[in-house]
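Q: Next input, structure requested:
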Amino acid sequence: MRPPPTVDMCPDLDTLAELGAADETVRIAVLGMQGVGKSAITVRYLTHRFIGEYKSNTDMMYHQVIKLDGSTIKVDIIDVSTSVQSGALVHNNIRSWAEGFLLVYAVTEPDSFEHARHLLEELRRTGAGLRTAPVRDGSKSPAGRRKRAATPQRPASGDTGEPTAPTILVGNKTDLIHLTKVDSTLALETALRLGCQREEVSASDSSEEISALFHTVIRQCLALKRRRSGMDALRSAFSSLPRAGRGQGSGLHTPQPGAPARKFSVFDVGRKLGNFISGGSRPPTPAPNKFTTSPLKTSVPDLSKASLSEKLDTLKKTVKKVSV
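A: The predicted structure follows:
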């Protein structure tokens, strides 16, 4: 796959100096059938302007630096053309690159909804879609979006796999009410069945709901990355614990043959967990004092026959003096 043209949507140098270096990076892929408004949604988010005409046969890569929830985030967005999605629907490079997906369809075109559904099924089948319990409705309220974005997602029933990429099914062109042909209930049921979030927007009407849409998937990507980072740190902390019988002087109990192996001591587990929770390394706990013992100097009594006879005579004389 050829690399798509890159458009740098970063603010001017003064704004970049204010923002400083980005704390984290989020990569989002916008997928959907030709003419559903993928480019309109993307450019509306980046520039807050609506442009109705775009080239539909060229992938575009956009870069943006935003301030979100007190953090500076670099957002990379790829607007994928329909030609790249044909065949395997979603190219392997896109699946492995993206950390979040927006699957766009037009509420005026049932075929575009079927295409988005096939995309979602493929992402789910290949393990690239978010397997979480979706929201119950697609409210357009910015306050409602923020509340949903802040709510942790629960694993969907029957799915025990770890989510890999937050995914939102997006119905565009809701302003064309008289031309709507995709039933909103059907779209919501599809999202519920496939375990993703569903939203309905209009790129031509409002930039606020488009911004809320992107910020939702960005927050979900960041939450997932941070959760994974925390789990990796916890695994690393436990993997560094000494195992029983490893090396000399480990101070750990060596199990007897046939007894269950004891991997960690309580002291080691507590110290490692304390270091992980506090976010830093604590000063090492001093090792207990090792007392060196020297052999006791004891006098062994002389038990020879001559010695015993002498002691008996001395005892008799003492008894005679006491009796007198």
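Q: Just to check, residue 74 is in contact with residue 62?
A: No. Look at residue 74 against residue 62 with CB atoms under 8 Å: they stay out of range, at 11.3 Å. In this view, the C-beta of every residue, glycine as well, is placed from N, C-alpha and C.
Q: Make sure residue 96 is indeed in a strand.
A: No. Secondary structure of residue 96 (DSSP: H, G, I helix; E, B strand; the rest coil): helix, not part of a strand.
Q: For residue 107, see how far away it is.
A: According to CB to CB, to the nearest Å, residue 96 and residue 107 sit 31 Å apart.
Q: So for these two, which residue has more residues nearby?
A: Between residue 96 and residue 107, counted using other CB atoms under 10 Å, the more crowded position is residue 107 (25 against 9).
Q: next one: phi and psi at the more buried one?
A: phi -70, psi -10 (degrees, to the nearest 10).
Q: Spell out which residues sit in contact with it, please.
A: Neighbouring residues of residue 107 by CB atoms under 8 Å, 6 or more residues apart in numbering: 113, 171, 172, 173, 174, 176, 180, 181, 182, 184, 200.
Q: Wait, residue 32 touches residue 104, no?
A: Yes. Counting by CB under 8 Å, residue 32 touches residue 104, with 3.6 Å between them.
Q: Next, show the common contact partners of those two.
A: In terms of CB under 8 Å, 6+ apart, residue 32 and residue 104 are both contacted by the residues 38, 116, 170.
Q: Could you report the pLDDT at residue 230?
A: We note a pLDDT of 81 for residue 230 in this prediction.
Q: Could you tell me the phi and psi values at it?
A: phi -70, psi -40.
Q: From residue 236, how far off is it?
A: 11 Å.
Q: likewise residue 170?
A: 37 Å.
Q: which of these two has more neighbours?
A: Per other CB under 10 Å, whichever of residue 170 and residue 236 has more neighbours is residue 170, with 29 against 11.
Q: Quick check: that one touching residue 106?
A: No. Judged on CB under 8 Å, residue 170 makes no contact with residue 106 at a distance of 10.0 Å.
Q: Quick check: neighbours shared by these two?
A: If you check residue 170 and residue 106 against CB under 8 Å, 6+ apart, no residue is contacted by both.
Q: residue ranges for the strands of the stretch 101-250 of the chain, please.
A: Counting by DSSP state E, counting those that start in this stretch, the stretch 101-250 of the chain has strands at residues 167-172, 197-200.
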